[in-house]
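Chemist: got a structure for you, letters missing:
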């Protein structure tokens, strides 16, 4: 039985990947940074360790056929600050230590969860792997640097390394942007969005899991990186209207002009430090709503047979049900 180490096993992505690997018959070793694993009743082997600990990572990969590296420092939460060193030590050096351990322990395959943010914060049309990376944020720069480590080792022929560049991943139990939109809409805080023509790519958690499994099962040779998205991009205004409908809220007949939203976002930036809690609308959240972020996953479809089976409409009932349980 082939053993796979999954880093970040307790996170949103990790829990889904661990469950799928166990169903597929893999032996799974889950790496947790601390605390009691939420999947302690599964037949998964559990190890506790920090990916910044070189010796711990060498021990964690021992006896593993593959590594699925999902752990890392993600975008800073609203109202929090993270510097470049934080991202570098976790996302870059942590990946380096895992790769060193994988090489020393004769691991055969390394699947790394990267981000479409390596291309920048917005897109001009549909972006594929032929576009040059142009990371802007500390987070994106750290993902790009980690990708290069994976690619360098894979290029040596000593293991097969694949980086999956993913957009926002959504699904039940995830408390990210869509969850915050649900909260704000349900409580009457979210402004009626104007018609926004730009589209954004997203990724259903089950589609992400499929991409990971296919990356583990694919024959060589493979490209060093693949974009993974749902079958089609989404219009943010449509998502807003579907969330309203899912909550049983009427879709407003009136819409707030974009210039008013911009002013509200600026006000949110000023209020957030004073209130010391997340504000639903800031300039950053507004940017994510109105600016295009469209990516193409045709390459992984051609090379691995990736075929996304789920979309936002499929996830909507689960998202609302999870929110209802959380709110109660």
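Modeler: Yep, it's here. Note that this is a predicted model, so its numbers are computed, not measured.
Chemist: return the distance of stretch 153-172 from the chain's centre.
Modeler: 12 Å (C-alpha atoms, centre = their mean, to the nearest Å).
Chemist: how about it: buried residues?
Modeler: For stretch 153-172, a neighbour-count test (16 or more other C-beta atoms under 10 Å) marks 153-154, 159-172 as buried. Quick note: C-beta positions are derived from backbone N, CA and C, even for glycine.
Chemist: could you single out the nearest of those to residue 122?
Modeler: For those, the closest approach to residue 122 (C-beta to C-beta) belongs to residue 167, at 12.2 Å.
Chemist: residues in contact with the closest one?
Modeler: Contact analysis of residue 167 by C-beta atoms under 8 Å, 6 or more residues apart in numbering lists 115, 116, 200, 201, 202, 203, 229, 293, 295.
Chemist: just to revisit the earlier point, between the buried residues of stretch 153-172, which is nearest residue 102?
Modeler: Using C-beta to C-beta, the buried residues of stretch 153-172 come closest to residue 102 at residue 159, 6.2 Å.
Chemist: looking at that closest one now. What's its pLDDT?
Modeler: pLDDT, residue 159: 91.
Chemist: please report how far it lies from residue 213.
Modeler: Residue 159 sits 18 Å away from residue 213 when distances are taken as C-beta to C-beta, to the nearest Å.
Chemist: now residue 193
Modeler: 36 Å.
Chemist: repeat for residue 306
Modeler: Counting by C-beta to C-beta, the gap from residue 306 to residue 213 is 10 Å.
Chemist: what of residue 291?
Modeler: From residue 291 to residue 213 the distance is 32 Å (C-beta to C-beta).
Chemist: skip the chain neighbours and tell me the closest residue to residue 226.
Modeler: residue 300 (4.0 Å; C-beta to C-beta, 6 or more residues apart in numbering).
Chemist: now the element after whichever strand or helix holds the one you found, going C-ward?
Modeler: Following DSSP states H and E, the helix or strand that holds residue 300 is helix 298-304. The element immediately downstream of helix 298-304 (helix or strand, assigned by DSSP H and E) is helix 312-327.
Chemist: and that next one, what's buried?
Modeler: 312, 315, 316, 319, 320, 322, 323.
Chemist: one more: stretch 243-261?
Modeler: Buried residues in stretch 243-261, counted by 16+ other C-beta under 10 Å: 243, 244, 246, 261.
Chemist: ok, and what's touching that stretch?
Modeler: Residues from elsewhere that reach stretch 243-261, judged by C-beta under 8 Å, 6+ apart: 178, 181-182, 185-186, 191-195, 241, 264, 281, 286, 290, 316-317, 319-320.
Chemist: how about the strands in this protein?
Modeler: Remark: strands assigned in the chain by DSSP state E are 3-7, 27-32, 45-48, 66-69, 109-115, 126-127, 160-166, 168-170, 199-200, 202-204, 225-227, 234-235, 294-295.
Chemist: packing partners of the fifth one?
Modeler: Looking back up the chat, that one is strand 109-115. strand 66-69, helix 94-104, helix 138-155, strand 160-166, helix 205-217 (3 or more C-beta pairs under 8 Å, 6 or more residues apart in numbering; DSSP states H and E).
Chemist: was I right to think residue 107 contacts residue 68?
Modeler: No: contact criterion C-beta atoms under 8 Å: residue 107 and residue 68 do not qualify, at 11.0 Å.
Chemist: okay, the two: which has more neighbours?
Modeler: Taking neighbours as other C-beta atoms under 10 Å, residue 107 and residue 68 compare with residue 68 leading, 31 against 25.
Chemist: pLDDT at the more buried one, what is it?
Modeler: Predicted confidence (pLDDT) for residue 68: 99.
Chemist: same question, the one 4 residues further on
Modeler: We note a pLDDT of 95 for residue 72 in this prediction.
Chemist: cheers, nothing more for now.
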